[in-house]
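>>> Fold the following, please.
(2 chains)
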2 protein chains.
Amino acid sequence: MNRMYTKGCASSFFPSPVYIWSAAAIVGEKEGEGPLGHCFDKVLSDPLFGEKTWEGAEAAIQKETADLAIKKAGLTPERIRILFAGDLLAQTIASSFGSAEMGIPFYGLYGACSAMGEALSLGALVIGGGFGEHVLCAASSHFATAEKEFRFPLGYGNQRPLSATWTVTGSGACLLGSTPPPDAPHLQLLRKGRGCAAITGITTGRVVDYGLKDSLNMGGCMAPAAFDTIRRHLLDFDRKPSAYDAIVTGDLGVVGQKILIQLLREKNMDIASRHQDCGLLIFDAQAQDTHSGGSGCGCSAAVLCSYLLPKVVSGEWKRILFLPTGALLSKTSYNEGESVPGVAHAVVIEHFDLQ
Amino acid sequence: MNRMYTKGCASSFFPSPVYIWSAAAIVGEKEGEGPLGHCFDKVLSDPLFGEKTWEGAEAAIQKETADLAIKKAGLTPERIRILFAGDLLAQTIASSFGSAEMGIPFYGLYGACSAMGEALSLGALVIGGGFGEHVLCAASSHFATAEKEFRFPLGYGNQRPLSATWTVTGSGACLLGSTPPPDAPHLQLLRKGRGCAAITGITTGRVVDYGLKDSLNMGGCMAPAAFDTIRRHLLDFDRKPSAYDAIVTGDLGVVGQKILIQLLREKNMDIASRHQDCGLLIFDAQAQDTHSGGSGCGCSAAVLCSYLLPKVVSGEWKRILFLPTGALLSKTSYNEGESVPGVAHAVVIEHFDLQ
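Here you go, the predicted structure:
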């Protein structure tokens, strides 16, 4: 058997690719008005999605998105071996009252906005290890639940500094499979002719803490973690940034992007020409007044499932590094004067041409 | 290759056992005064553990426990491929400011009090899949952080119903290895002569919601989830309860234990003679006034690492089912009138006689 990891590093390789069968993305109205508005499966006009509470709305959106990913793949929940899901809320209630309600064996995750990277990594490890045929990965966030959870009541109408990001209302879900997606034109599989997308490796993030304490500059707090993961990833896989058509972070925003590029330059790794950030892709920050960009578990998850994956499937991009970033704080840790450490989990997604 | 799972079930089998190299348990004073007081590695007299906040204390206890498990195995953090850790706090800050600070590649988990079951399951999947040699699994809870997070300020001195449980102050950590623990008498390995303990299978829990809404009767809320996992486990592995010397749930307490045994009896599965519950083991409920028993991620984790594993290593028990149980609520979900769903993750731990 091929060795699937290297000693002293945090990367895993999948000699048999872990295929992405289907993906779904559902977002709120503001996200629908952004540059990627035409890419999402559904844009919701009602931010409560018919529910009584914001938390209920986020859970319902996550469940609807996960359900859609399963349906697109022509499967039913009974066929899914494990669900990995996460969100930003205390005790991850958007997941346990969301996609977990489908009755799929469930591992709940907390990695802040890195949730989709964590879910895809663990899903790929399960399938890559031979423990299942189908795994579902989901993540969500909601502007109103996040403001309530971490910041101020919406009615307070507080002013936000330009370094602040705007939490995306939305969810993304991916169905992973041990075999290539079948050729079934009646299903909305992630397949275009013979082209499909698959996970071929991961680099697990470490918690990195530069001591920053500003929860309204999360891009700055997370950039060192993204730097650490990308640097270790390139070393572990012995690749240059040019091996990737795009290196896509989760929600560093304008502020975090500058720091990340600079930190990597100091290690002679230049990613400036191929770096993208889901938080910068999902909103037109100027026109939509979202300051540093979008954020939240739903940001990277929805951008992956609507915009990034189709480009890999079509072959426009041959290989990308998808790297959701998370800021590990709670209102308690923040109010007790703790710093805001970051974490970033990297997933290699490649174009495959099926025989 | 042997098939490592069965279609339509949520169990995974490990043809090569995943060995438990070392374990550590550190608890608070009340736990030290309980029936297992002599089993723990350390009993802390200061509930703040020298820190300024309860959250800081829990994080420090978890980190100290994880560090001890690594040291007992004669390893250093650099040698550990992945850390899986979880706790009860919003945004799992006891883990991200706790064991995650050691710089080990980290996946944060939220499964409420089932965290140690989730961590061991994912650790075993990583090693069983061939993705690493050493994985660390840790979980913690603290009476004072949990009361603050979920219930009333300590100073309020509220009355607790008899169905309520007492959150354990403590942490447990296990180091998993792909090979048997070496014969190194100078290390505190989980090995007695040729005897050791290893994980041979898991059953992933589903979220089960019977609609109960009483957060002060969490045993009742979680019992249906434990029932569901045990029932599916016995079917998936084609075993009777007698195949286990002990079936040990996390923190069902007096109330949940009765419900679990009754629910299984209705399916002709009688576990009464071999059921134990970490929450009932850790405290003398009468003498220590802990009502229904102990609870919290640290309860099952500390009992496993101090009391259960040595019995398996010595061969007194040949095979046990370890099944931490979690109640999936937050104060927001509770205050919004939501029910309290449960989840339970089962881990098969067996005695091995090394050649």
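>>> burial count for the residue of chain A found nearest chain B?
Of all residues in chain A, A:Gly129 sits closest to chain B, at 1.9 Å by Cβ to the nearest Cβ. To be clear about C-beta, it is placed using only N, CA and C from the backbone, and glycine gets the same treatment. A:Gly129 sits with 21 neighbouring residues when counted by other Cβ atoms under 10 Å in any protein chain shown.
>>> Please name the nearest non-neighbouring residue to it.
B:Gly129 (1.9 Å; Cβ to Cβ, 6 or more residues apart in numbering or on different chains).
>>> roughly how far apart are the one you found and A:Ser330?
32 Å (Cβ to Cβ, to the nearest Å).
>>> and A:Met222, what element?
helix A:218-236 (DSSP states H and E).
>>> right, is that helix up against chain B?
No: Helix A:218-236 does not reach chain B (Cβ under 8 Å from any Cβ of the partner chain); its nearest approach is 8.8 Å.
>>> any weak-confidence spans in chain A?
A:1-3, A:6-8 (pLDDT under 70).
>>> ok, and for the helix holding A:Met222, which residues are buried?
Neighbour-count burial for helix A:218-236, with 16 or more other Cβ atoms under 10 Å in any protein chain shown as criterion, is recorded at A:218-230, A:232-234, A:236.
>>> Helix or strand next in line after that helix, which one?
strand A:246-249.
>>> Pull out the buried residues from the next helix or strand after that next one.
Sequence order places helix A:253-265 as the next helix or strand after strand A:246-249, per DSSP H and E. Neighbour-count burial for helix A:253-265 flags A:253-257, A:259-261, A:263-264 (criterion: 16+ other Cβ under 10 Å).
>>> same question, stretch A:135-147
With burial defined by 16+ other Cβ under 10 Å, the residues of stretch A:135-147 counted as buried are A:135-147.
>>> before we move on, what about stretch A:124-133?
Here stretch A:124-133 shows A:124-133 as buried, counting by 16+ other Cβ under 10 Å.
>>> by contact count, what packs against the longest strand along chain A?
Ranked by number of residues, the top strand in chain A under DSSP state E is strand A:11-27. With contacts taken as 3 or more Cβ pairs under 8 Å, 6 or more residues apart in numbering or on different chains; DSSP states H and E, strand A:11-27 sits against strand A:42-43, helix A:54-72, helix A:115-128, strand A:170-177, strand A:195-203, helix A:218-236, helix A:297-303, strand A:346-353.
>>> Relative to the shortest one, what are the paired strands and their orientations?
If I follow you right, that is strand A:42-43. strand A:11-27 (parallel) (DSSP bridges).
>>> Quick one: name the residues of the stretch 101-250 of chain A near chain B.
A:101, A:103-112, A:118, A:121-122, A:125-126, A:128-133, A:148-149, A:204-207, A:209.
>>> Which ones among the residues you listed map onto strands?
A:106-109.
>>> Just flag the most distant two among these.
Spanning the widest gap among these are A:Phe106 and A:Leu109, at 9.9 Å by Cβ to Cβ.
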